[in-house]
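**Student:** can't give you the sequence, but here's the structure:
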């Protein structure tokens with residue numbers, strides 16, 4: 001029996017789909033970015049479930065910063081997430097950066113309805129040769145990647161050359177960095193970009209309802 005996961009819930013408990021979001025490598029599930037994204041999705045009628053990988057949950061308890069565990073530790077935990085949320089059929093799994101990447105590695109195996117990645121780490125900054133895309137070529141789960149046009153983890157011209165599954169749709173976050181923050185002279189705000197991404201996710205989720 002696995003330990004109960006501490007979820008943060010927002011939105012409509014009766015929503016036809018739940019959007020389960022993991023955090024990125026260094027920030028918790030209630031970071032300003034995650035808070036605003038969850039709020040925007042909840043305002044559009046979706047149930048949002050946020051959760052933390054065990055290493056981040058430990059940091060919340062003892063205050064000690066620790067790096068993320070490796071994929072072999074993180075990936076099985078996502079299976080527990082899906083089980084404790086009631087199964088995969090009415091679940092969109094995803095997350096911010098690393099969280100979305102881990103979800104993308106198990107989405108097909110878990111049988112979730114959809115996948116959402118908020119700033120996918122296609123490669124480490126300044127290391128475009130270290131790609132993290134091999135599994136994305138054969139992905140079958142309907143997926144949406146919301147990605148900033150100035151994200152150092154993958155620029156648009158690089159991404160266009162990757163071998164990505166036809167199941168993957170891209171939403172480009174205008175002038176956005178990895179956290180969707182634009183430059184001041186762009187005339188846009190981070191909140192606008194998060195809101196636009198939430199609309200794209202909402203439209204994507206509506207398209208999954210049968």
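**Tutor:** In hand now; what should we look at? The structure displayed is predicted, hence computed values, not measured ones.
**Student:** residues contacting residue 111?
**Tutor:** 88, 89 (C-beta atoms under 8 Å, 6 or more residues apart in numbering). For glycine as for every other residue, the C-beta is placed from the backbone atoms N, C-alpha and C.
**Student:** so is residue 27 in a helix, a strand, or just coil?
**Tutor:** Three-state assignment for residue 27 (DSSP: H, G, I helix; E, B strand; the rest coil): coil.
**Student:** Just to check, it is in contact with residue 35?
**Tutor:** No: applying C-beta atoms under 8 Å as the test, residue 27 and residue 35 come out as separate, 10.7 Å apart.
**Student:** residue ranges of the helices in this protein, please?
**Tutor:** Using DSSP state H, the helices of the chain run over residues 32-43, 54-62, 71-84, 98-110, 156-159, 190-206.
**Student:** Return the distance of residue 58 relative to residue 102.
**Tutor:** Per C-beta to C-beta, to the nearest Å, residue 58 is found 17 Å from residue 102.
**Student:** just residue 203 next, same as before
**Tutor:** From residue 203 to residue 102 the distance is 24 Å (C-beta to C-beta).
**Student:** Between the two, which is the more surrounded one?
**Tutor:** residue 102 (22 against 13; other C-beta atoms under 10 Å).
**Student:** quick one: contacts for that one?
**Tutor:** Here residue 102 is in contact with 22, 71, 74, 75, 78, 95 (C-beta under 8 Å, 6+ apart).
**Student:** for the helices of the chain, which one ends up most surrounded?
**Tutor:** Among these, helix 98-110 has the highest mean neighbour count (mean count of other C-beta atoms under 10 Å), at a mean of 23.
**Student:** Okay, angle between that helix and helix 54-62 too, please.
**Tutor:** Relative orientation of helix 98-110 and helix 54-62, computed by axes from the mean of the first three to the mean of the last three C-alpha atoms, to 10 degrees: 130 degrees.
**Student:** Excluding covalently adjacent residues, which one is nearest to residue 209?
**Tutor:** residue 16 (5.2 Å; C-beta to C-beta, 6 or more residues apart in numbering).
**Student:** An error on my part: the question was meant for residue 52.
**Tutor:** Spatial nearest neighbour of residue 52, excluding adjacent residues (C-beta to C-beta, 6+ apart): residue 29 at 5.0 Å.
**Student:** follow-up on the earlier one: dump the helices of the chain to JSON lines, plus mean pLDDT and distance to residue 91.
**Tutor:** Below are the helices of the chain laid out as JSON lines (pLDDT from 0 to 100; distance: least, C-beta to C-beta, whole Å):
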{"stretch": "helix 32-43", "mean pLDDT": "98", "distance to residue 91": "14"}
{"stretch": "helix 54-62", "mean pLDDT": "93", "distance to residue 91": "20"}
{"stretch": "helix 71-84", "mean pLDDT": "95", "distance to residue 91": "6"}
{"stretch": "helix 98-110", "mean pLDDT": "98", "distance to residue 91": "8"}
{"stretch": "helix 156-159", "mean pLDDT": "97", "distance to residue 91": "26"}
{"stretch": "helix 190-206", "mean pLDDT": "98", "distance to residue 91": "11"}
